[in-house]
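*Asks:* task: produce atomic coordinates for the following.
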Amino acid sequence: MQKENLAGPIDDMFIPAGRRLWRNGSFNIFWAGQTLSVVGDAFITIALPLLVLEATGSVAQMGIVTGIFGIGQVITGFFAGPLVDRLDRRKLMIFCDTLRMLLYLAIPLWWHFVGPQLWLIYVITALGACLGMIFQVAYITAVANLVDRDQLTEANGRLQATQAIAFVTGPIIAGLISGRFGPTTAISIDALSFGISALSLYFIHLRPAELAALPASEPGGRSQNFKQEFLAGISFLWRQPTLRAIAILLALLTILTSGTIDLFMFHLKHDLGQSDDIVGYVFGAASVGAIFSGLLASSIRRRFGFGVSWLGGFLVMSIALTLFSVSNNLWLIALFATCYSLGGSMASVVSVSLRQEITPDHLLGRVTSAFWTISLAPGPLGAAIFTALASYIGVSSVTLLTGGLCLLVVSSGFFLPVRQRHPERAASVFSTPQEKQTISP
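*Replies:* From the prediction side, this is the model:
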């Protein structure tokens with residue numbers, strides 16, 4: 001019987017990866033659905049902080065909401081991976097999107113019939129973060145189940161580029177709608193976008209997840225409890241020098257940058273006195289950087305290797321954050337925000353692709369949740385500290401401090417395994433013969 005993959009018969013393997021990707025119907029439906037969904041996500045990125053600022057006038061309260069979101073992600077990270085590896089990934093994503101649609105619709109309905117309630121934002125932010133974390137872990141594994149291994153960077157690049165395009169138009173429209181009809185209307189549109197995402201997922205077909213041929217006593221065995229399964233992801237992650245170094249460096253960068261969007265927005269609204277419309281335009285312009293990174297990530301990694309792509313991306317991001325601190329010119333702020341987005345998105349695309357390449361499918365959910373739990377854990381603390389600090393010494397001083405510290409963190413990466421050109425070739429995937437048999441080099 002002829003072996004087939006998602007792109008077609010095995011003869012299609014002689015067709016370049018990028019061309020095969022255009023023929024992958026399930027990936028293209030997934031791509032379109034998630035792009036439309038991200039337009040809604042762009043709305044919530046602008047509308048929710050504006051709603052908090054409108055209700056409280058406090059940058060510290062904006063930081064608390066960001067911190068609650070981060071805490072929800074970290075807590076969920078402990079069980080998101082085992083859930084994704086145990087359950088039907090497509091059905092799990094549909095379930096998460098449907099619940100998120102209902103949750104976020106509750107905000108405008110409550111505002112309309114009862115009135116503003118900050119506690120409701122806290123609760124929905126926490127629950128939304130939990131569902132979002134599960135969805136994102138499943139999303140990463142879904143891409144690996146939709147395309148072939150040699151298409152991963154190309155696929156992630158396309159997803160990033162079109163999502164960034166959505167983030168160009170999304171914030172602009174969200175700013176206009178928030179300015180004219182209020183942030184709750186923009187949040188309603190975000191809620192409906194989750195429904196669109198769930199509908200698109202109904203029509204895709206994922207490659208069946210690879211099952212590990214491992215005894216329950218071995219790391220990755222499927223009859224382990226949630227704690228053991230999460231630790232199996234940590235164990236795999238820790239045995240990979242490059243992934244381990246990425247997780248540690250990203251944790252340090254997260255504590256420094258998790259409050260950046262709040263600081264950018266507060267600076268524009270409070271310090272410079274700009275309108276909601278202008279906030280949307282600036283954030284929309286910033287997303288142009290992510291578009292270019294998505295389009296160029298695959299080519300840059302092929303030409304210069306992983307180390308230059310990942311470290312270079314975060315180096316650009318750190319420099320942009322530092323320069324933002326010394327400018328009050330709206331055009332320069334938009335330029336620095338664009339460079340910030342370009343650098344961070346570039347590093348994100350190549351990092352996700354490397355993790356998908358190195359990790360066997362039956363462990364990908366657990367490794368992804370372990371990676372994000374480690375790297376995101378410091379975020380809530382960082383958001384709370386630096387937004388609170390900004391209320392005392394100002395946004396410019398805080399961004400100058402965090403930008404300088406980011407430069408130090410990224411510079412240390414040039415002495416770590418992340419500097420390698422092709423870390424995927426040197427990856428020590430498993431330590432036991434049984435585990436080595438579950439993947440092909």
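*Asks:* C-alpha only now, for contacts and for neighbours.
*Replies:* OK.
*Asks:* what residues sit buried inside whichever helix in the chain runs longest?
*Replies:* Counting by DSSP state H, the longest helix found in the chain is helix 25-56. Neighbour counts over helix 25-56 (16 or more other C-alpha atoms under 10 Å) mark 25-31, 33-53 as buried.
*Asks:* cool, stretch 290-306 as well?
*Replies:* 290-298, 300-301, 305-306.
*Asks:* need the contact partners of the helix or strand where Ser369 lies.
*Replies:* Per DSSP states H and E: Ser369 is located in helix 361-376. Helix 361-376 is contacted from outside by 70, 73-75, 77-85, 137-138, 140-141, 144, 209-212, 220, 229-230, 232-234, 236-237, 247-252, 254, 355-356, 359, using C-alpha atoms under 8 Å, 6 or more residues apart in numbering.
*Asks:* report the separation between Leu206 and Ser309.
*Replies:* From Leu206 across to Ser309, the span is 29 Å (C-alpha to C-alpha, to the nearest Å).
*Asks:* narrow the contacts of helix 361-376 to those in helices?
*Replies:* Counted as lying in helices by DSSP H, out of those, are 70, 73-75, 77-85, 137-138, 140-141, 144, 229-230, 232-234, 236-237, 247-252, 254, 355-356.
*Asks:* show me the helices in the stretch 151-300 of the chain, by range?
*Replies:* Applying DSSP state H, counting those that start in this stretch to the stretch 151-300 of the chain gives helices spanning 152-181, 183-202, 226-239, 241-257, 260-266, 276-304.
*Asks:* what mean pLDDT does the longest one get?
*Replies:* For helix 152-181, mean pLDDT rounds to 74.
*Asks:* what's it packed up against?
*Replies:* The criterion is 3 or more C-alpha pairs under 8 Å, 6 or more residues apart in numbering; DSSP states H and E, and the helices and strands that helix 152-181 contacts are helix 17-22, helix 25-56, helix 118-146, helix 183-202, helix 276-304, helix 330-358.
*Asks:* quick one: the fifth one to helix 25-56, angle?
*Replies:* Angle, helix 276-304 to helix 25-56, by axes from the mean of the first three to the mean of the last three C-alpha atoms, to 10 degrees: 140 degrees.
*Asks:* please compute how far helix 276-304 lies from its chain's middle.
*Replies:* Per C-alpha atoms, centre = their mean, to the nearest Å, the displacement of helix 276-304 from the mean C-alpha position of its chain is 14 Å.
*Asks:* okay, buried residues for the following helix or strand past it please.
*Replies:* Sequence-wise, the next helix or strand downstream of helix 276-304 (DSSP H and E) is helix 306-324. By neighbour count on 16+ other C-alpha under 10 Å, the buried set for helix 306-324 is 306-324.
*Asks:* ok, and what's touching stretch 43-59?
*Replies:* For stretch 43-59, contacts defined as C-alpha under 8 Å, 6+ apart pick out 61-62, 116, 118, 170-171, 173-175, 178, 183-184, 186-187, 189-190, 262-263, 266, 276, 280, 387-388, 390-391.
*Asks:* how far out from the middle of the chain is that stretch?
*Replies:* In terms of C-alpha atoms, centre = their mean, the gap separating the centre of stretch 43-59 from the centre of its chain is 21 Å.
*Asks:* average pLDDT for that stretch?
*Replies:* Stretch 43-59 comes out at a mean pLDDT of 76.
*Asks:* what about Ser258, how many residues close to it?
*Replies:* 24 (other C-alpha atoms under 10 Å).
*Asks:* distance of Leu253 from Cys406?
*Replies:* For Leu253, the distance to Cys406 (C-alpha to C-alpha) stands at 6 Å.
*Asks:* show me what counts as buried in stretch 58-68.
*Replies:* Within stretch 58-68, the residues that qualify as buried by neighbour count (16+ other C-alpha under 10 Å) are 58-68.
*Asks:* let me know the closest of the residues you listed to Leu21.
*Replies:* Using C-alpha to C-alpha, Thr66 is the member of the buried residues of stretch 58-68 that sits closest to Leu21, with 36.2 Å.
*Asks:* quick one: contacts for that closest one?
*Replies:* By C-alpha under 8 Å, 6+ apart, the residues touching Thr66 are 258-259, 380, 383-384.
*Asks:* top of the residues you listed by neighbour count?
*Replies:* Highest count within the contacts of Thr66 by other C-alpha under 10 Å belongs to Ala383, 30 neighbours.
*Asks:* mind listing what Leu400 touches?
*Replies:* Contacts for Leu400 were tallied using C-alpha under 8 Å, 6+ apart; they are 321-326.
*Asks:* just send the contacts of Thr66 back as TSV, with pLDDT too.
*Replies:* Shown next, in TSV, are the contacts of Thr66 (pLDDT from 0 to 100):
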residue	pLDDT
Ser258	83
Gly259	81
Pro380	78
Ala383	80
Ala384	81
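*Asks:* just the ones of these in strands?
*Replies:* Nothing among the contacts of Thr66 maps onto strands, per DSSP state E.
*Asks:* want to throw those into TSV with distance to Leu416?
*Replies:* TSV is the format used below for the contacts of Thr66 (distance: C-alpha to C-alpha, whole Å):
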residue	distance to Leu416
Ser258	23
Gly259	27
Pro380	26
Ala383	27
Ala384	30
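*Asks:* if we ignore the residues flanking it in sequence, what's nearest Ile300?
*Replies:* Take Ile300 and drop its neighbours on the chain: the residue closest to it by C-alpha to C-alpha, 6 or more residues apart in numbering is Ser309, 6.6 Å away.
*Asks:* now do Ala320
*Replies:* Using C-alpha to C-alpha, 6+ apart, the closest residue to Ala320 is Phe336 (4.9 Å).
*Asks:* cool, and Pro82?
*Replies:* Among residues not flanking Pro82 along the chain, Arg366 sits closest, at 5.6 Å (C-alpha to C-alpha, 6+ apart).
*Asks:* related to what we said a few turns ago, now for the contacts of Leu400, which pair is the farthest apart?
*Replies:* Farthest pair in the contacts of Leu400 (C-alpha to C-alpha) is Leu321 and Val326. Separation: 9.5 Å.
*Asks:* any figure for the gap between Gly132 and Leu250?
*Replies:* For Gly132, the distance to Leu250 equals 20 Å [C-alpha to C-alpha].
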